[in-house]
Each structure stands twice: as structure tokens, then as C-alpha cells.
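below are the sequence and a predicted model for it; my questions follow.
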Amino acid sequence: RAPGLSHLAAAPAVRSAVAEWQSWLAHGKQSSEHTVAAYSRDVARFFEFLARHLGAPPGIADLAALKVADFRAYLARRRTDGLESASLARELSALRNLFRHFERTGLLHNAAIGTLRTPKLPHSLPKALSPSQAREVVESAAGAKATLSDEAWVVARDAAVLTLLYGCGLRISEALDLDRHQAPARDSMVITGKGRKQRMVPVLAIVRQAIDEYIAACPYELPPEGPLFLGLRGKRLRPEMVQRLVRRLRLMLALPDSATPHALRHSFATHLLAGGGDLRTIQELLGHASLSTTQRYTEVDSSRLLEIYDSAHPRAS
């Protein structure tokens, strides 16, 4: 059974319907494992709340009868728990997805959830590193044996992962989901991103070299259909291990808190744009479904230009 739904606080018919929704998410909509897991946890929390709010595990009729006030009470509870607007918006998105599935399958209709407004999100720009900072992170991982790890193959692995994130603009999940047979042998590779959509990305020679050095140093067998990047115990490397590595590098290099693995992807896009790359091409490389998502990088570039102007232009002050 999938994460978050093993003890769903709901009547048997609802538990069965939620399990069908979850299966549709994974196989019908082809959402990533991370999305399915996150949505499942969100839905489980909602049903825990409902069981207390209604006094009993909800059935199908209870879900159909929910009012706007019931949904708002849940969101208010989650706000009290300390959730920020972005997390609340995601939880509401999960619930809308579930109730739309219920309606599509003819199980129930609830008009109230469609009238809820998404929490207003603050306008934030992607937090990219400067070219020198991004290079410093990657190079420090490659030369980190004395400070971060005694295992030479782990150092080679960490350098390969960070070089891949910055050199190809991958999401951390895309990099760690790669199997051995998908390691780049040429100047391009196929990446499976969100929604199982595939895209072609160019691969720099330095990226191939870093991955080849890791493969040569890895003490474990790397079968073609097995994971490319391994942890210390020979299992697929987990995202939190890479996040921990970058936190340690961040402290060592005195970088801002925004220096995360995902910041390397932002840096890839921002630096391409600054170098003359066009938005449509960058959109394809990043795997963005909408050009408007990619257009945020033009704001990053503009804000950086203003910073340079304010600090360097003799008439700026």
C-alpha cells in the first residue's frame, strides 16, 4: 500500500475509492512517485481531520455533504500547524484532485471545494547562485576528501551528482532516478521528468567525465537496470543525502541559505539566459510545461543587472 494511506480514517467504501484514485495518479496520470507520495500524505491528514471534525470516519455521503466551512476549517487547522501558503496550496491541490476523480468516476459530487480560493502565494524569484559560486560548489565536492568524506568513491559520486545537476539543469529526483544504462555515453541524454514526460538534454564533456570517474571508483556492481548513483550501503542514493552534502558545502564556503541542490538547476537556467540562450530552448531543457514558469528567470536576470548597476554605476547613489 502506498505512503500515507495504510490507516486511512474513512469508511471502507471511501478507502477503496481513495486507493483507486491513488492507482490512477500513478498509472493513469503517470505522476511521479514523489507526487503520489506527497498527495497521499496530504489526503491522509485531511481524513484524520474529518474523522475528528465529524465525530466518525467519513463515508461517501459525508464527503458529498461537506460545506465550504468544513474545508476552511481544515485549512485553518493546517495554518495553525505552521504551514505556509505554498504548502497549503499544495494540500488544497491534492484535495481538489481527489474530489475531481470522485466526480469523474460518478462516486460523488461536491460543489463546495470548487469555490475555495487558493491561498495567495508570495511572488518569489528562483534563487540562483552566481557562476563562480556554482563552480565553487561543484569543485569543492570534487576535492572534498579531506573535509567531508574518507571514501574516495563517495567523493567521486558527489562530484558527479552535483556536476550533473548544474551541467544539465536536472531536478534532483531526475538525477537520482537514473539507472546505470542511462548514464550518458554521448553528448546528449534522455531524461524522464514530471508527468513521465521525456526530454533530450545536452551533456557537457565534463559531466560525462565526472560520471565515468564515479562509475570506475564505485565498489558496488552497477547492473544496467539498477540505480546509477548508490549510497554507502549499495542502495539507490536518496535526495536527503545530496541535500546534506550541499548544506555542509554551504557552511564550508560561507554561501547563503538559498544554496541548495535545486539552486544548481536555477543557476543552470539563469546562466544560460545571461549567456544569450532563448526562453523556448531553456524551457525545453528544463522540462517546463509552461513558458511562464521559465519566464521567471528573466526577472532574476533583470534583478541581477539592477544590483550590478546600483553597486557599480557612478551615478547610481
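That came through fine. This one's a predicted model, so the numbers in the text were calculated from it and none came from an experiment. Numbers count the residues shown, from 1 in each chain.

now the longest helix seen in the chain - C-alpha only, CSV.
What stands out as the longest helix in the chain, according to DSSP state H, is helix 33-54. The C-alpha coordinates for helix 33-54 follow below in CSV (Å, rounded to 0.1, in the frame of the first residue of the first chain):
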residue,chain,number,x,y,z
GLU,A,33,6.4,8.7,-7.1
HIS,A,34,7.2,11.9,-5.2
THR,A,35,3.9,13.5,-6.3
VAL,A,36,1.9,10.4,-5.4
ALA,A,37,3.5,10.1,-2.0
ALA,A,38,3.0,13.8,-1.2
TYR,A,39,-0.6,13.8,-2.3
SER,A,40,-1.3,10.6,-0.4
ARG,A,41,0.1,12.1,2.8
ASP,A,42,-2.0,15.3,2.3
VAL,A,43,-5.2,13.3,1.8
ALA,A,44,-4.5,11.1,4.8
ARG,A,45,-4.1,14.2,7.0
PHE,A,46,-7.4,15.6,5.7
PHE,A,47,-9.3,12.4,6.5
GLU,A,48,-7.7,12.4,10.0
PHE,A,49,-9.1,15.9,10.5
LEU,A,50,-12.5,14.9,9.1
ALA,A,51,-12.9,12.0,11.4
ARG,A,52,-12.4,14.3,14.4
HIS,A,53,-14.4,17.1,12.9
LEU,A,54,-17.4,15.0,12.0
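
quick check, Met189 in a strand?
Yes: under DSSP: H, G, I helix; E, B strand; the rest coil, Met189 sits within a strand.

how far off centre is the longest helix of the chain?
Put simply, helix 33-54 sits 19 Å off its chain's centre (Cα atoms, centre = their mean, to the nearest Å).

what is it packed up against?
When contacts are defined as 3 or more Cβ pairs under 8 Å, 6 or more residues apart in numbering; DSSP states H and E, helix 33-54 packs onto helix 12-23, helix 68-80, helix 85-104. The C-beta positions use only the backbone N, C-alpha and C, and glycine is treated the same way.

that helix vs helix 68-80, what angle?
Interaxial angle of helix 33-54 relative to helix 68-80 (axes from the mean of the first three to the mean of the last three Cα atoms, to 10 degrees): 110 degrees.

for the chain, which spans come out with low pLDDT?
Scanning the chain for pLDDT under 70 picks out the ranges 1-6, 121-126, 128, 144-150, 273-275, 277-317.

quick one on the thing from earlier: now mean neighbour count too, for the helices and strands packed on helix 33-54, in CSV please.
Listed next are the helices and strands packed on helix 33-54 as CSV, based on neighbours: other Cβ atoms under 10 Å:
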stretch, mean neighbour count
helix 12-23, 17
helix 68-80, 15
helix 85-104, 17
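
let's have those in a markdown table, adding distance to Arg244.
Converted to a markdown table, the helices and strands packed on helix 33-54 look like this (distance: least, Cβ to Cβ, whole Å):
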| stretch | distance to Arg244 |
| --- | --- |
| helix 12-23 | 30 |
| helix 68-80 | 27 |
| helix 85-104 | 22 |
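
to Ile60, which of these lies closest?
Smallest distance to Ile60 across those (Cβ to Cβ): 5.6 Å, for helix 12-23.

now that closest one and helix 85-104, what's the angle there?
Going by the same axes, to 10 degrees, helix 12-23 makes 110 degrees with helix 85-104.

helix 12-23 packs against which elements?
helix 33-54, helix 60-64, helix 85-104.

quick one: which of the ones you listed is nearest Leu232?
Per Cβ to Cβ, nearest to Leu232 of the helices and strands packed on helix 12-23: helix 33-54, 22.1 Å.

buried stuff in that closest one?
Buried positions in helix 33-54, judged by neighbour count with 16 or more other Cβ atoms under 10 Å: 35-51.

Pro224: which of the helices and strands packed on helix 33-54 is closest?
Closest among the helices and strands packed on helix 33-54, using Cβ to Cβ: helix 12-23, at 28.6 Å.

contacts for that closest one?
1-2, 5, 8, 10, 36, 39-40, 43, 47, 57-60, 63, 97-98, 101-102, 105, 107 (Cβ atoms under 8 Å, 6 or more residues apart in numbering).

hmm, back to that, got JSON lines for the helices and strands packed on helix 12-23, with distance to Glu225 too?
Shown next, in JSON lines, are the helices and strands packed on helix 12-23 (distance: least, Cβ to Cβ, whole Å):
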{"stretch": "helix 33-54", "distance to Glu225": "17"}
{"stretch": "helix 60-64", "distance to Glu225": "41"}
{"stretch": "helix 85-104", "distance to Glu225": "31"}
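
out of those, which is closest to Asp187?
Using Cβ to Cβ, the nearest of the helices and strands packed on helix 12-23 to Asp187 is helix 33-54, at 28.8 Å.

can you list contacts of that closest one?
Under Cβ under 8 Å, 6+ apart, the answer for helix 33-54 is 2-5, 7-10, 14, 18, 22, 25-26, 31, 57-58, 62, 70, 73-74, 77-78, 90-91, 94-95, 97-98, 173, 194.
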